[in-house]
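**Student:** sequence below, structure please.
(one chain, ligands or ions: 1)
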Amino acid sequence: MKVALVTGGSEGIGRAIATRFAKENYHVVIAARDAAKLTEAASQIKTEWATPVVPMPTDVRDPKQVQDLVEQTIADFGQLDVLVNNAGLYSTGPTEEFTLEDWHQVIDTNLWGYIHTIQAALPHFIAQQKGAIVNLCSIAGKLPMPYLAPYTTSKFAISGLSQALSAELSPKGIQVCAVYPNIIKTAFPEKAVLQGKNPEDKKARYQQLKQTVSMPFIEKPEDVANGVWQALQNNESEPILGSAKLMGGLHALLPRLTQRMLRMVFQNKDSLTSH
Ligand SMILES: NC(=O)c1ccc[n+]([C@@H]2O[C@H](COP(=O)([O-])OP(=O)(O)OC[C@H]3O[C@@H](n4cnc5c(N)ncnc54)[C@H](OP(=O)(O)O)[C@@H]3O)[C@@H](O)[C@H]2O)c1
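**Tutor:** From the prediction side, this is the model:
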């Protein structure tokens, strides 16, 4: 039986990916910080798909906890086949309003969290001469997003990391895949790092996110899980999923127009001045 480890597997996209692997008969380990939520997710997936799903509470920002997570997974199951780096958070606001703590929160989770798991799992993959690393990126890792500076920085870094690893590791039998979704219907606004020019701007950003994810045409975590599964089956290294293709295509054709459009979408109550 193959083994998948999914960070951020307690909810949203990570939970859908963990469910997809369970459906495909994988043994699954899920990691996140909130132990109660993680245990609930594990028992629900386990009951539904009758496969072992183990919750391992972990903060991916802590390299020691991540090392223990990977070692415990291999000790419990004897192997690790797929590492899915997914634990992450979003940020929005005028860049001058983000504190250094905000930047650290985003980069430490979205970038260092991924580096920690790769650092821990890679020697194992190299030794067994096979394995797969899936990195949840975002169209914000291909397309520079105004007002999302910490988030877009972390996702561009993940894109570069994934491409470098793919080039280096594919001859060693290790598949590396960065996945690029557009906005997905999850509860991510609740944990997002939000800043604003004033309390009204900050509140408007939260409401904008909530409104956007509630729209019926917004893609679902299961769509991303299917995209991840298909990418692994087809050995794709950079799948751009669903409506993200449209955004990427528009940016490639008309970068200035796309930038202006995104600025209008994300500026909220920030007043734009140009001289
Ligand atoms: N939703 C979107 O629109 C969208 C679009 C493109 C890409 N993505 C990417 O997809 C991934 C998942 O997003 P999502 O929308 O599913 O987010 P979500 O619903 O907010 O879930 C985030 C998951 O990550 C975990 N997590 C957060 N910080 C963590 C930490 N320090 N250590 C361990 N686990 C942590 C959370 O659990 P705890 O809080 O309990 O730790 C939770 O399980 C992220 O990398 C995100 O950037 C999302």
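**Student:** can you tell me the closest non-neighbouring residue to Lys142?
**Tutor:** Gly248 (5.5 Å; Cβ to Cβ, 6 or more residues apart in numbering). Backbone N, C-alpha and C define where each C-beta goes, glycine included.
**Student:** quick one: residues contacting that neighbour.
**Tutor:** Ile139, Lys142, Leu143, Tyr180, Ile240 (Cβ atoms under 8 Å, 6 or more residues apart in numbering).
**Student:** what's the most distant pair in the residues you listed?
**Tutor:** Using Cβ to Cβ, the contacts of Gly248 span at most 10.2 Å, a distance reached by Leu143 and Ile240.
**Student:** who in this structure is up against the ligand?
**Tutor:** Contact residues, the chain versus the ligand (Cβ under 6 Å from any ligand atom): 7-8, 10-14, 31-34, 37, 58-61, 86-89, 109, 136, 138, 181, 183-184, 186-188, 191.
**Student:** PyMOL command for the buried members of those residues?
**Tutor:** Buried members of the residues of the chain next to the ligand, identified by 16 or more other Cβ atoms under 10 Å, are gathered into one PyMOL selection as follows:
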select buried, resi 7+8+10+11+12+13+14+31+32+33+58+59+60+61+86+87+88+89+109+136+138+181+183+184+186+188
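**Student:** quick one: end-to-end length of stretch 166-185, please.
**Tutor:** 29 Å (Cα to Cα, to the nearest Å).
**Student:** name the helix or strand for Cys177, please.
**Tutor:** Element membership for Cys177, per DSSP states H and E: strand 174-179.
**Student:** ok, now Tyr151?
**Tutor:** Going by DSSP H and E, Tyr151 is in helix 149-169.
**Student:** residues in contact with that helix: which ones?
**Tutor:** Counting by Cβ under 8 Å, 6+ apart, 85, 88, 90-92, 95, 98, 102-103, 106-107, 109-111, 114-115, 118, 125, 133, 135-138, 140-142, 144-145, 175-178, 193, 237-238 sit against helix 149-169.
**Student:** and for stretch 42-59?
**Tutor:** 1, 7, 10, 15, 18-19, 22-23, 25-35, 38-39, 41, 65-66, 68-69, 72-73, 76-77.
**Student:** quick one: buried residues of that stretch?
**Tutor:** 42, 45-46, 49, 51-59.
**Student:** closest to the ligand out of those?
**Tutor:** Closest approach to the ligand among the buried residues of stretch 42-59 (Cβ to the nearest ligand atom): Asp59, at 4.4 Å.
**Student:** alright, that wraps it up for me.
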